[in-house]
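In: From the sequence below, what's the structure:
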Amino acid sequence: MFFSIIIPLYNRPQEIEELLVTLVNQDYKNFEVIIVEDGSKQDAKSIVASFADKLTIRYFFKENEGQGFARNYAFERAEGDYFVMFDSDCLIPPNYLTIVRDYLEKNKLDAYGGPDAAHESFTPVQKAISYSMTSPFTTGGIRGNKKHIGTFHPRSFNMGISREVYEKVGGFKLTRLGEDIEYSIRIQRAGFKTGLVPDAFVYHKRRTNLMQFYKQLHFFGRARINIYKHFPSELRLVHFFPAAFVVFIVGTVVANLFIPSLASVGNFLLLFYFLFLFLHALSTTKSFKVSIVSVFSSFIQLTAYGLGFIQDLWRRVLN
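Out: Residues are numbered from 1 along each chain as shown. Got it, this is the predicted structure:
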């Protein structure tokens, strides 16, 4: 099986160098790498060129259109039997392609997704963000994982599709705002089989500080409404949970300011939830510091997603 590894890149030259090092170290060697520089001002051409003697690698520069269309650009030029997509802020374990190859040979999947994890080199903030994005007690519970809620939709930070899928379904129709979920839904509705390869994880750095994380999750909340505009049946009750959390927080703050006698229940529930998150994070990360930051990152995750969801629900659906 020959893989085409596809990586869109935008102003992140240092990240791509770290990612390419992990691809050099893959124990399965039957693959090519296609880098599509999406109109970056800080291009990585020289960095990519430095790997020419270590990898079968091609580099392209195009005008900025967003990551979805950058992937399409690579699809058109890919030679693999399977197209594997990574975000540039990922690190890939050395046995990743072997795991995927072995799984696909035993389990017929037309498209797959894999989970993400925190690398030991990550900062405490990155580890806390990773916890928030994978925990079953945050929005991680409605994302792709082994015990996910609802239909599994592969996400493009760690996703693969067969050549047949591309030839029959085409590429991404959206370039931002939930483009990978929209693509996964179209793949499934075309009759192709999708699934999770549970051991094909990547180390996903995501954002390096909590402000960047807030902006990203606010964007994700808006993206869920964008998916609804294309596929109304894909908006489920569970997707409203972060918005309900925001409403609950606002209600509790108002109660504390104006109706203290009614605020005790809200205060207790919030305290219990955050204590529970801390203890779960502690059991997961084995770090007191990371667990403390995880409480803050989980709060940011839920409120940012909820506010983005409410914003575009009001602007694009209710108005």
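In: can you map out the strands along this structure?
Out: Assigned by DSSP state E, the chain shows strands spanning 3-9, 31-38, 57-62, 82-86, 90-91, 111-113, 116-117, 158-162, 194-196, 202-204.
In: Send me the fourth one as CSV with only the CA atoms.
Out: Translated: strand 82-86. C-alpha atoms of strand 82-86 as CSV (Å, rounded to 0.1, in the frame of the first residue of the first chain):
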residue,chain,number,x,y,z
TYR,A,82,-4.5,6.2,0.2
PHE,A,83,-4.3,9.9,1.0
VAL,A,84,-3.3,10.6,4.6
MET,A,85,-3.9,14.1,6.0
PHE,A,86,-2.0,15.7,8.9
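In: Partner strands of that strand and their direction?
Out: strand 3-9 (parallel), strand 158-162 (antiparallel) (DSSP bridges).
In: for the longest one, which positions count as buried?
Out: If I follow you right, that is strand 3-9. 3-9 (16 or more other CB atoms under 10 Å). Where you see a C-beta, it was placed from the backbone N, CA and C, and this is true even at glycine.
In: same thing with stretch 240-259?
Out: Buried residues in stretch 240-259, counted by 16+ other CB under 10 Å: 240-243, 245-246, 248-249, 252, 255.
In: picking up where we left off before, identify whichever of the strands paired with strand 82-86 lies nearest to residue 33.
Out: strand 3-9 (4.7 Å; CB to CB).
In: need the helices for the stretch 51-200 of the chain, in chain order.
Out: Using DSSP state H, counting those that start in this stretch, the helices of the stretch 51-200 of the chain run over residues 67-75, 96-106, 124-134, 163-169, 179-189.
In: Go through those helices and pick out the most buried.
Out: helix 124-134 (a mean of 24; mean count of other CB atoms under 10 Å).
In: Check which helices and strands that one sits against.
Out: With contacts defined as 3 or more CB pairs under 8 Å, 6 or more residues apart in numbering; DSSP states H and E, helix 124-134 has these neighbours: strand 116-117, helix 210-230, helix 260-285, helix 288-313.
In: before we move on, the earlier item: with distance to residue 16 and mean pLDDT added, can I get the strands paired with strand 82-86 in JSON lines?
Out: Formatted as JSON lines, the strands paired with strand 82-86 follow (distance: least, CB to CB, whole Å; pLDDT from 0 to 100):
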{"stretch": "strand 3-9", "distance to residue 16": "6", "mean pLDDT": "97"}
{"stretch": "strand 158-162", "distance to residue 16": "16", "mean pLDDT": "96"}
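In: returning to that earlier point: select from the strands of the chain the stretch with the lowest mean pLDDT.
Out: With a mean of 90, strand 116-117 has the lowest mean pLDDT of the strands of the chain.
In: Identify all contacting residues around that one.
Out: Under the criterion CB atoms under 8 Å, 6 or more residues apart in numbering, residues 90, 130, 133-134, 157-158, 201-204 lie in contact with strand 116-117.
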